[in-house]
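Colleague: I need the structure of the sequence given here:
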Amino acid sequence: MAETLISAQEILVQHNTRVLLDHASLALCSGDRIGLVGRNGSGKSTFLRILTGGLAPDDGKVIRSRDVVIGYLSQEFTLDPDLDVAGNVRMGAKHVLDLIAEFESLPGDSPRHHDIEESIVHFDGWNLDHRIKTAISELGCPAADRSIAGLSGGEKRRVALARALVARPDVLVLDEPTNHLDTESVGWLVEFLNGYPGALLVVTHDRHFLDEVVNFIVELRNGVFERYEGNYTDYLSLRAEKLASEELGEHKRQMFLRREIDWVRRRPKAQTGKSKVRLEKFFEIQDDTPHEVETDMDLVIPPPPQLGNRVVDIDDVGLAFGERSLFSGLSLTFAGGTRIGITGRNGLGKTSLLRVILGELPPTTGEVRTGSLTKFNYVDQGRLQLNEEKSALEELSDGTEWVQWGETKLSLRAYLKRFLFTDDRLTTPVRLLSGGERSRLLLARILKKGGNFLILDEPTNDLDLPTLRVVEEALLGFPGCVLMVSHDRYFLNRVCNGILAFEGDGRVVHSVGNYDYYVEKKRRDAQALASANAPAKGGGKSSASASAGAKAAKTRKLSFKEQRELEGIEASIHATEAKVAGMEAELASPDFHRMAGPKIRETMAAIEKGKADVAKLYARWEELEAIRAASA
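Modeller: Residues are numbered from 1 along each chain as shown. Predicted coordinates for the structure are as follows:
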């Protein structure tokens with residue numbers, strides 16, 4: 001039986017009349033890898049603070065096993081300004097450093113030598129310096145000797161994450177660990193956590209990360225925890241079935257109440273024992289609290305003005321700062337419905353490219369031509385600052401009570417309600433809003449500007465999973481152009497029909513399709529290149545046999561039918577992947593749980609079959625590409 005490391009029992013947290021945690025209980029055992037999900041403002045970060053000892057609940061208790069070591073990355077972390085980057089990261093393993101210092105100070109015949117050495121080995125303490133260097137490098141932290149004072153918020157967060165990881169604690173608690181990480185760093189973090197021997201509790205909106213790392217999803221819903229076995233994809237399926245069952249149960253309850261109300265209104269004259277039992281049953285079911293139906297943002301991006309024949313043409317554009325070239329030779333044409341995701345390591349020039357397209361930064365070479373009807377709406381990383389004392393309604397108002405909505409107008413109240421603001425929250429000061437409410441208010445303020453060409457720099461940061469799904473649906477239905485910088489792989493897969501990848505050394509690659517297709521194509525191209533170069537090494541064959549093999553390989557060329565198949569196979573892959581993505585989007589839809597159970601199972605089976613078909617298409621593409629490369 002797995003050892004319980006931390007147990008939160010009957011936790012109550014109440015802010016005025018609002019209950020965040022309603023006698024909620026959760027145990028974290030050895031081997032558990034739990035993803036904690038729920039709406040922003042539901043109490044996830046509050047619970048993490050209680051679990052790690054940073055906050056006392058109004059009621060309930062937390063029991064921790066003896067000598068358990070907890071590593072914690074909070075959203076509101078602090079770093080030591082007197083230490084450099086490496087010094088701050090090293091302090092995450094202070095318990096290990098203390099053990100090593102004690103071990104080295106003991107006399108050789110001390111009976112504690114063995115016990116302390118066991119503890120050092122348990123925390124992999126002898127490899128601490130190597131782990132520190134690796135974490136700083138792989139997470140894209142600033143140089144080890146940099147001062148903390150001059151770092152940006154994103155850089156400080158990466159240092160704080162490295163500090164939590166190097167401790168190699170018994171329990172690792174991470175609050176939004178992938179924020180401000182590029183795709184490559186997220187990949188390394190996934191690999192690190194999959195090899196991490198301790199228990200993990202993570203709050204994140206990164207659904208690809210949840211699919212790769214966790215073995216349980218715990219949803220904080222209506223103040224209590226609901227536990228689902230498996231990763232994020234499994235959770236979506238199981239949750240849909242659970243909500244469908246709840247919906248059916250509530251429907252039966254309402255039907256029963258209607259029947260009994262009709263019976264009560266007929267006022268039976270004889271109050272027999274059977275009648276009394278029936279009345280008691282009626283009042284018992286009437287007093288039952290119905291399950292709360294969750295609502296999602298009804299987010300629709302304001303209808304954009306019509307695009308012209310030319311939207312944006314990028315012609316052989318390059319950008320350099322002094323001797324350093326960020327990119328060169330980039331050509332790209334945008335049209336209505338183009339949704340391109342920009343990805344790559346931090347510092348390679350992604351945001352600079354956005355500024356070039358907006359006309360804020362002149363290119364070193366080439367030209368950007370913008371159509372006369374193109375209207376940009378740029379959402380930068382810093383977004384907008386909110387006035388803490390104003391209400392949500394006041395923050396959105398610019399002297400008018402209306403939002404232009406295509407050819408018509410929408411009241412500010414109606415507009416904000418699309419972003420899940422209830423009447424009482426509309427007039428609440430910004431300083432009292434939750435993190436999720438602040439993010440939704442910023443999103444509402446930005447999208448209010450309209451535009452037919454949206455440029456989004458890290459749009460998914462700080463949005464909860466329900467809001468992310470709605471934003472994705474809104475972008476998919478947006479008829480204008482979308483260009484976004486994002487490291488959220490799930491988001492890129494769902495929304496984008498093109499990827500612009502900054503691969504380093506000034507290389508920028510444009511790939512049609514979503515992010516998974518770009519990664520798979522890059523991998524298979526590398527494999528095909530390695531296979532084509534393999535005969536040159538000779539292996540164990542004689543030069544004569546190698547020559548004969550090469551000649552034989554060259555004699556095999558693609559037939560006309562195979563050539564046509566190769567030309568159309570990318571389109572087939574895109575179509576099949578789009579079909580799978582559509583079914584996955586249907587599964588994630590807030591309304592999907594209202595369908596019957598068989599429909600859910602049919603959709604899951606169709607998704608698996610679609611993924612298998614994609615794998616077969618990739619295999620066939622690789623086979624045809626190898627033949628083409630060998631005969632070139």
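Colleague: Val203 is in contact with Ser45, isn't it?
Modeller: Yes: proximity of Val203 to Ser45 meets the contact threshold set by CB atoms under 8 Å, at 6.7 Å. Quick note: C-beta positions are derived from backbone N, CA and C, even for glycine.
Colleague: who touches both of these two?
Modeller: Asp175 (CB atoms under 8 Å, 6 or more residues apart in numbering).
Colleague: in contact with the residue most central in space within the chain, which residues?
Modeller: Centroid-nearest residue in the chain: Asp206, 1.7 Å away (criterion: CA atoms, centre = their mean). Residues counted as contacts of Asp206 (CB under 8 Å, 6+ apart) are 178, 186, 488-490.
Colleague: and the next helix or strand past the worst-scoring helix or strand of the chain on mean pLDDT?
Modeller: When the helices and strands of the chain are scored by mean pLDDT, DSSP states H and E, helix 543-555 comes last with a mean of 46. The helix or strand immediately downstream of helix 543-555 is helix 560-588, counting by DSSP states H and E.
Colleague: tell me the helices and strands packed up against the helix or strand encompassing Asp115.
Modeller: Asp115 is part of helix 112-122, with elements assigned from DSSP H and E. If contacts are counted by 3 or more CB pairs under 8 Å, 6 or more residues apart in numbering; DSSP states H and E, helix 112-122 sits against helix 94-105.
Colleague: let me see the mean pLDDT of the one helix or strand Arg438 maps to.
Modeller: Using DSSP H and E, Arg438 falls within helix 435-447. Averaged over helix 435-447, pLDDT sits at 76.
Colleague: among the contacts of Asp206, which one has the most neighbours?
Modeller: Ranked by the number of neighbours (other CB atoms under 10 Å), the contacts of Asp206 place Asp488 first, at 29 neighbours.
Colleague: quick check: closest non-adjacent residue to it.
Modeller: Nearest residue to Asp488, sequence neighbours excluded (CB to CB, 6 or more residues apart in numbering): Thr460, at 4.5 Å.
Colleague: how about the contacts made by the one you found?
Modeller: Residues near Thr460 by CB under 8 Å, 6+ apart: 205, 468, 471, 486, 488, 491.
Colleague: hmm, try it at 10 Å
Modeller: Neighbouring residues of Thr460 by CB atoms under 10 Å, 6 or more residues apart in numbering: 178-179, 205-207, 467-468, 471-472, 484, 486-488, 490-492, 495.
Colleague: of those residues, which belong to strands?
Modeller: By the criterion of DSSP state E, membership of these in strands covers Met484.
Colleague: give me the buried entries from the contacts of Thr460.
Modeller: 178-179, 205-207, 467-468, 471-472, 484, 486-488, 490-492, 495 (16 or more other CB atoms under 10 Å).
Colleague: does Leu12 fall in a helix, a strand, or a coil region?
Modeller: The three-state label given to Leu12 by DSSP: H, G, I helix; E, B strand; the rest coil is strand.
Colleague: now do the helix or strand following the helix holding Arg438, average pLDDT.
Modeller: Scanning forward in sequence from helix 435-447 by DSSP H and E, the next helix or strand is strand 453-457. Across strand 453-457, the average pLDDT comes to 89.
Colleague: then stretch 390-408?
Modeller: Computed over stretch 390-408, the mean pLDDT rounds to 80.
Colleague: alpha carbons of it, in CSV - could you do that?
Modeller: Written as CSV, here are the backbone C-alpha positions of stretch 390-408 (Å, rounded to 0.1, in the frame of the first residue of the first chain):
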residue,chain,number,x,y,z
LYS,A,390,-11.9,50.9,-10.4
SER,A,391,-14.7,48.4,-10.9
ALA,A,392,-14.7,46.0,-13.8
LEU,A,393,-17.4,48.1,-15.5
GLU,A,394,-15.3,51.3,-15.0
GLU,A,395,-12.2,49.7,-16.3
LEU,A,396,-13.9,48.8,-19.6
SER,A,397,-15.7,52.1,-20.1
ASP,A,398,-14.0,54.8,-22.1
GLY,A,399,-16.8,57.3,-21.7
THR,A,400,-19.4,55.2,-23.4
GLU,A,401,-21.7,52.5,-22.2
TRP,A,402,-21.6,50.5,-25.5
VAL,A,403,-19.3,48.2,-27.4
GLN,A,404,-19.3,48.3,-31.2
TRP,A,405,-20.4,44.9,-32.4
GLY,A,406,-20.2,44.7,-36.1
GLU,A,407,-23.0,46.9,-37.4
THR,A,408,-24.7,47.0,-34.1
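Colleague: need the residues that contact it.
Modeller: The contact list for stretch 390-408, computed with CB under 10 Å, 6+ apart, reads 300, 302-305, 384, 386-388, 409-416, 418-419, 421, 425-433, 437-438, 440-442, 444-445, 447-450.
Colleague: re earlier: what residues of the helix holding Asp115 count as buried?
Modeller: Under 16+ other CB under 10 Å, the buried positions of helix 112-122 are 116, 119-120.
Colleague: now do stretch 619-632
Modeller: Within stretch 619-632, the residues that count as buried by 16+ other CB under 10 Å are 620-622, 624-628, 630.
Colleague: check stretch 314-326 too.
Modeller: Those would be 314, 317-319, 326, for stretch 314-326 by 16+ other CB under 10 Å.
Colleague: which ones among the contacts of stretch 390-408 map onto strands?
Modeller: 409-411.
Colleague: on that earlier part again, now the helix holding Asp115 and helix 94-105, what's the angle there?
Modeller: Angle, helix 112-122 to helix 94-105, by axes from the mean of the first three to the mean of the last three CA atoms, to 10 degrees: 150 degrees.
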